[in-house]
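> attaching a predicted model along with its sequence, questions to come.
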Amino acid sequence: MQVLTKRYPKNCLLTVMDRYAAEVHNMEQVVMIPSLLRDVQLSGPGGQAQAEAPDLYTYFTMLKAICVDVDHGLLPREEWQAKVAGGEENGTAETEEVEDESASGELDLEAQFHLHFSSLHHILMHLTEKAQEVTRKYQEMTGQVW
């Protein structure tokens, strides 16, 4: 298990990012055969599988991909939009929206920062919990629970 080496305040975004990266790296070390996670659902409240929820393998690959961005930074905006768009029109709508806001001069940057910052904090906490769940479920499946 990877241990956090840096010390930041508990709710600092850097602490949350480090905790997430540590949990994903731990998950990668524990999950030796990722294909075992295919078609296995996470148990929801009450021990029942969640309908329409992705399988553990999907979570595993998603968590690893996000961790690459957390560890190494974001792609340049143009590359990211090309990767995400992949034929979708969302990128152009978002660009037009940003241009409209910039043109109107009514950007409240502090409010936007706080919104995105709190959203990122929440999402990273949720993803950290998912990495812990995938690791725990894999350990249960392979008899590695202590």
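Yep, it's here.
> looking at this structure, which helix or strand is least sure?
Between all helices and strands in the chain, the lowest mean by mean pLDDT, DSSP states H and E belongs to helix 90-104, at a mean of 52.
> neighbours around residue 35, how many?
For residue 35, the number of neighbouring residues by other CB atoms under 10 Å comes to 9. Every residue, glycine included, has its C-beta placed from N, CA and C.
> ok so, going back, can you pull the buried residues of the following helix or strand past the least confident helix or strand of the chain?
Heading C-terminal from helix 90-104, the first helix or strand you meet, by DSSP states H and E, is helix 109-142. By neighbour count on 16 or more other CB atoms under 10 Å, the buried set for helix 109-142 is 121, 124, 127-128, 130-131, 134-135, 137-138.
> same question for stretch 24-32.
24-28, 31.
> tell me the domain ranges of the protein?
Described in terms of the TED database, the domain architecture of the chain consists of the residue ranges 9-41+53-73, 108-145.
> that'll do, ta.
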